[in-house]
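1. predicted structure and sequence below. I'll ask about it afterward.
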Amino acid sequence: MIIMVVVALAGCSTPAVESRLVQYEDRAEEIHAGMLEHVPRSGAFEARMTSGPQYGESEWLRGRERDSAFWTTWSTVEVASGTTPAEAADAVGASLLDQRWTAEPTVDQGGSMPFATVYRLADPDGEWIVQILRPAAHDDRRISLSVQSPLTVRGATSAPG
């Protein structure tokens, strides 16, 4: 009986886990806006960033992973004439490297935007990930940018008790 009481009390003393999703939203949008500043854009095309939370697929995950979430931003930008998508992607990448991001080798993943370069930034709470996609076709003038925050929990949780 005493063991059950001690176990129940220990569960109630576990501190609540705070979600960082709101802070990650702000930081992801700031990183994304900074990348857009380095893309020579076509004046006729307005770059729009889409931003939103992503949640763990609960039917496939167990325990804490079930409550996981991260923030993602993404946009597709038409680069200005006189600049190739590869040059625009390189300009964005250079700005990230100046900010101490690390780059993985560019890979050809096929599809309409086959060339992907991933950049990573270590953070005390996890890892930030940026992906820059660009086309193979010379007549396609677009690049796509995305930012993914480190994992956090969906929202404030508390231990039963």
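-> Done, it's in.
2. let me see the contact set for the closest residue to Thr117 other than its chain neighbours.
-> Nearest residue to Thr117, sequence neighbours excluded (Cβ to Cβ, 6 or more residues apart in numbering): Thr106, at 4.5 Å. Glycine gets a C-beta too; all of them are placed from N, C-alpha and C. For Thr106, the contact set (Cβ atoms under 8 Å, 6 or more residues apart in numbering) comprises 115-117.
3. then Arg142?
-> Arg142 makes contacts with 76-79, 85, 113, 134-135, as judged by Cβ under 8 Å, 6+ apart.
4. now do 10 Å
-> Contact analysis of Arg142 by Cβ atoms under 10 Å, 6 or more residues apart in numbering lists 42, 45, 76-79, 85, 88, 112-113, 133-135.
5. for the strand ranked longest in the chain, buried residues please.
-> Identified as the longest strand of the chain according to DSSP state E is strand 68-78. If you call a residue buried by 16 or more other Cβ atoms under 10 Å, then strand 68-78 has these buried ones: 68-75, 77-78.
6. kindly report the same for stretch 93-111.
-> Within stretch 93-111, the residues that count as buried by 16+ other Cβ under 10 Å are 93, 96, 101, 106.
7. need the residues you listed in CSV with secondary structure and distance to Glu30, can you?
-> Converted to CSV, the buried residues of stretch 93-111 look like this (DSSP: H, G, I helix; E, B strand; the rest coil; distance: Cβ to Cβ, whole Å):
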residue, secondary structure, distance to Glu30
Gly93, helix, 18
Leu96, helix, 13
Trp101, coil, 14
Thr106, coil, 25
